[in-house]
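1. Give me coordinates for this.
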Amino acid sequence: MNQPIALLLGVHAHQPVGNFPAVIAEAHERCYRPFLQTLHRYPDFRFGAHFSGWLLDFLCQQYPRDMELLGDMVARGQTEMFGGGECEPVLAAISARDRVGQVRTLSDKISRRFGQAPRGAWLTERVWEATVVPELADADIAYAMVDDFHFLCTGMDAGRLDSYYTTEENGRTLDLFPVSEALRYRLPFSPAADAVHYLEQMADEGRAAAIYFDDIEKFGIWPETYDWVYERKWLEQFIEGVLASSRIRTMSYADFHSGQRTRGIVYLPTTSYSEMGEWTLPAPAAGRYHALLAREKTAGTLTQHRPFLRGGIWRNFFSRYPEANWMHKRMLALSQRLAALPAAAADGELRELLYRGQANDAYWHGLFGGLYLPHLRRSVFHHLLRLEVALDRLAPGPAPAGLDLDYDGWEEAFLKNAEVQAVLRKDGLAAVIEFDSYLLAHNFADTLRRHDEHYYLKIGQAQGQAPVGEGIASAHDRVEFKHPIAAADIVPDETGRAMFIDRRHEAKSRAESIATLVDGYGAESDGRFVARGDGWRIVKNIALTTAGVAVNYAFEGPSTSAVSCEINLAMPSCDGYSGRYILADGSIPCGFGQLLELPGVTEVVLDDRELRGRLVLRSSRPVRLQAAPHHTVSQSEAGFEKIMQCVCVTLHWTPASGEEWAISLEVVADRA
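-> Presented below is the predicted three-dimensional model:
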């Protein structure tokens, strides 16, 4: 008779840095608290747990009694704590020194709080690149978990994925456990009895271990799961079923690791879990990839061929989304500046700011990932800008010159003073791609264009989708709509959502006009740009004021063409009640989430109580002002939703030949 199978069950708890406290509180009430309370009643059920460092701090501060349950389970040997990056970075996407620093920071925190130094590590989004091995080893990590998909991509047989293997990079070693995708899709979505029976079948096949490590949020936060897992007692039934089975025994990863020899050497390709391979592809390629997988599934060969149909890699998100790429390269540059400081100057507070700016969520997008969520991008820039201020104070130096920071083929110019910074890209648009208030630690140009997403094809499907068979549907299989979506909502933008994008409007007929993007600006210096056309010329100068940025235009040529200037502004209140326009007479016409049109205006204030600051927009001559919220459509585990990214303010006027014009933005910080 076969030995009982070892159930290695682990859960990963994470909330994005900068997430709303109310969201974390709800996650605790619906998931973290009932999960810990339930497991605490079953001391013989062993499991592993990983909490990202900043979330662990938050929970211990806000819910100390619940976290004492976790400490009690660690002390009695029921729970094994896992390490990883302190603020949940994708380790492969940060520098080697920051990998070691992030992992050691969390390991030290776990040691102090629980008296147990972690030997295992959670890899964010299970993103694997072999380059992370030396740093994990240097941080005293002995093993980590990746998907069984990673192993299958090497051609390994699925029947051999019931234990750990060893990999190496430059002579440094790390043991790797293959997490079962089949278990990830069963727990907790299939009935508890069925899940236990599946484990017993694995035991009957002579498997050494059933390996599971996945998001704890599946146990209460995903749609329908709170009722399923706690109200209908799925978790209790599963635990009791496992403990009652003579063919299953729960075990910690540490005990299994110390009691088993490695199955041998393995070298894994650069990949993540299988769904990520689709999410990271550009929309047309993702559509073809999805169709290919569907054909393979129909033919009955998907399981056999899936390891050879991997799709893209996680870093492709930087190629797909210029906004993510810009954040990433800004972060890397600040990391280098911090590393150049003497050790005594690069104190813990500065490293914490950097580590929080490396939190993975805002850098990518799929069914999960938070690039589309403005408050998560805002958190990244908030911490990076606070770090930049500290670095400027400790090691001031000239602004970068002749630099293509994001490797897109165009140089950027950095204009900065003690109050603000404006970054210009010399790509022909003569636009501002980053506009920072150092006092507010906020980037007003931090927004997101409408991108083409391959999952938009699902929008035509009927709202809702019934699960097949018993149990509940996984978020991967659901099609839900949080907001009505119209065809116009998913039309991709022609260019990035920057500040001061100019267009010429030429009369096409009496009834219509055509708007042409002024994309012919040549950069004559860091702030001076010139555009030329048939009989016309525009000179555009961008310069900083004390607490803002000013754009001056000089026009030459006939005055038959109207001009517009589009200014996209990231206001934290978005369409919430605390963001509103204020006119010169003190009146409030509407909020940021509404349409606004004003003729002959020279000044308007964008007041944002969430930011505790405001922007004052001024024009040297009366202009027609139009303002509208800019929305994008994204998909999350909760369904399709429209998210306001920014306020799009457009100024219209018809210049005369030889006329000069000035537009300025001033940041006003209300820190009462």
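2. Please count neighbours and contacts with C-alpha atoms only from this point.
-> OK.
3. for the lengthiest strand in the chain, packing partners?
-> Assignment by DSSP state E gives strand 613-636 as the longest strand of the chain. With contacts defined as 3 or more CA pairs under 8 Å, 6 or more residues apart in numbering; DSSP states H and E, strand 613-636 has these neighbours: strand 596-608, strand 639-653, strand 660-669.
4. And the nearest residue to Y164 once chain neighbours are set aside, what's its pLDDT?
-> Leaving aside its sequence neighbours, Y164 sits nearest to F177 (CA to CA, 6 or more residues apart in numbering; 4.5 Å). Here, the pLDDT recorded for F177 equals 98.
5. In contact with F177, which residues?
-> For F177, the contact set (CA atoms under 8 Å, 6 or more residues apart in numbering) comprises Y143, A144, M145, V146, D147, S163, Y164, Y165, I211.
6. Take the residues you listed and lay them out in CSV including distance to A399 and secondary structure.
-> As requested, the contacts of F177 are exported to CSV (distance: CA to CA, whole Å; DSSP: H, G, I helix; E, B strand; the rest coil):
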residue, distance to A399, secondary structure
Y143, 43, strand
A144, 41, strand
M145, 42, strand
V146, 42, strand
D147, 44, strand
S163, 53, coil
Y164, 49, coil
Y165, 48, strand
I211, 51, strand
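7. Redo the residues you listed as JSON lines? Include pLDDT, neighbour count and distance to Y289.
-> Converted to JSON lines, those look like this (pLDDT from 0 to 100; neighbours: other CA atoms under 10 Å; distance: CA to CA, whole Å):
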{"residue": "Y143", "pLDDT": "98", "neighbour count": "26", "distance to Y289": "32"}
{"residue": "A144", "pLDDT": "98", "neighbour count": "23", "distance to Y289": "29"}
{"residue": "M145", "pLDDT": "97", "neighbour count": "22", "distance to Y289": "26"}
{"residue": "V146", "pLDDT": "97", "neighbour count": "24", "distance to Y289": "23"}
{"residue": "D147", "pLDDT": "95", "neighbour count": "27", "distance to Y289": "20"}
{"residue": "S163", "pLDDT": "98", "neighbour count": "21", "distance to Y289": "31"}
{"residue": "Y164", "pLDDT": "98", "neighbour count": "27", "distance to Y289": "31"}
{"residue": "Y165", "pLDDT": "98", "neighbour count": "20", "distance to Y289": "30"}
{"residue": "I211", "pLDDT": "98", "neighbour count": "25", "distance to Y289": "28"}
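8. Is it correct that S52 is in contact with E88?
-> Yes. Under the criterion of CA atoms under 8 Å, S52 makes contact with E88 at 6.0 Å.
9. Contacts for stretch 587-605 next, please.
-> The contact list for stretch 587-605, computed with CA under 8 Å, 6+ apart, reads 573-584, 614-629, 644, 647.
10. Pull out the buried residues from these.
-> Those of the contacts of stretch 587-605 that meet the buried threshold are 573-575, 578-583, 614-619, 623, 625-629, 644, 647, by 16 or more other CA atoms under 10 Å.
11. Just name the most buried of the helices and strands packed on strand 613-636.
-> Ranked by mean neighbour count, those are led by strand 639-653 with a mean of 22 (mean count of other CA atoms under 10 Å).
12. For that one, output the C-alpha coordinates as CSV.
-> Only the C-alpha atoms of strand 639-653 are listed here, as CSV (Å, rounded to 0.1, in the frame of the first residue of the first chain):
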residue,chain,number,x,y,z
GLY,A,639,-15.6,42.1,-13.9
PHE,A,640,-15.3,44.8,-16.6
GLU,A,641,-15.2,48.3,-15.2
LYS,A,642,-14.7,51.9,-16.3
ILE,A,643,-12.1,53.8,-14.3
MET,A,644,-11.5,57.5,-14.5
GLN,A,645,-7.8,58.1,-15.1
CYS,A,646,-7.6,61.9,-15.4
VAL,A,647,-9.2,65.2,-16.2
CYS,A,648,-8.8,66.1,-19.9
VAL,A,649,-8.8,69.9,-20.2
THR,A,650,-8.7,71.3,-23.7
LEU,A,651,-8.2,75.0,-24.5
HIS,A,652,-9.3,76.3,-27.9
TRP,A,653,-8.3,79.6,-29.6
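13. Could you tell me how far that strand lies from the centre of the chain?
-> Computed by CA atoms, centre = their mean, to the nearest Å, the chain-centroid distance of strand 639-653 equals 20 Å.
14. got the angle for that strand vs strand 660-669?
-> Per axes from the mean of the first three to the mean of the last three CA atoms, to 10 degrees, the angle that strand 639-653 makes with strand 660-669 is 130 degrees.
15. elements contacting strand 639-653?
-> With contacts defined as 3+ CA pairs under 8 Å, 6+ apart, strand 639-653 has these neighbours: strand 562-569, strand 613-636.
16. A96: which of the ones you listed is closest?
-> strand 613-636 (31.3 Å; CA to CA).
17. The closest one pairs with which strands, parallel or anti?
-> Here strand 613-636 is paired, per DSSP bridges, with strand 596-608 (antiparallel), strand 639-653 (antiparallel), strand 660-669 (antiparallel).
18. List the beta-bridge partners for M499.
-> Going by DSSP bridges, M499 is paired in beta bridges with V432, I567.
19. A strand includes the residue nearest to Y164, no?
-> Yes. Under DSSP: H, G, I helix; E, B strand; the rest coil, F177 falls within a strand.
20. quick revisit: from the contacts of F177, pick the one nearest Y455.
-> Using CA to CA, D147 is the member of those that sits closest to Y455, with 23.8 Å.
21. Wait, that closest one touches L183, no?
-> No. Counting by CA under 8 Å, D147 does not reach L183; the two are 10.8 Å apart.
22. if we can go back for a sec, just give me the closest of the contacts of F177 to M202.
-> Distances from M202 to those, taken as CA to CA, are shortest for I211 (11.1 Å).
23. Do a quick rundown of the helices in the stretch 251-400 of the chain.
-> 253-259, 276-279, 283-299, 302-305, 316-320, 322-339, 348-357, 374-394 (DSSP state H, counting those that start in this stretch).
24. any idea which of those is most buried?
-> helix 276-279 (a mean of 23).
25. between S52 and E88, which one's more packed in?
-> Legend: neighbour count by other CA atoms under 10 Å for S52 and E88, higher for E88 (29 against 24).
26. where does the stretch 401-550 of the chain dip in pLDDT?
-> 460-483, 507-514 (pLDDT under 70).
27. can you do 50?
-> Under the criterion pLDDT under 50, the flagged ranges of the stretch 401-550 of the chain are 462-469, 472-478.
28. same check, this time on the stretch 151-300 of the chain
-> Judged by pLDDT under 50, no stretch of the stretch 151-300 of the chain qualifies at all.
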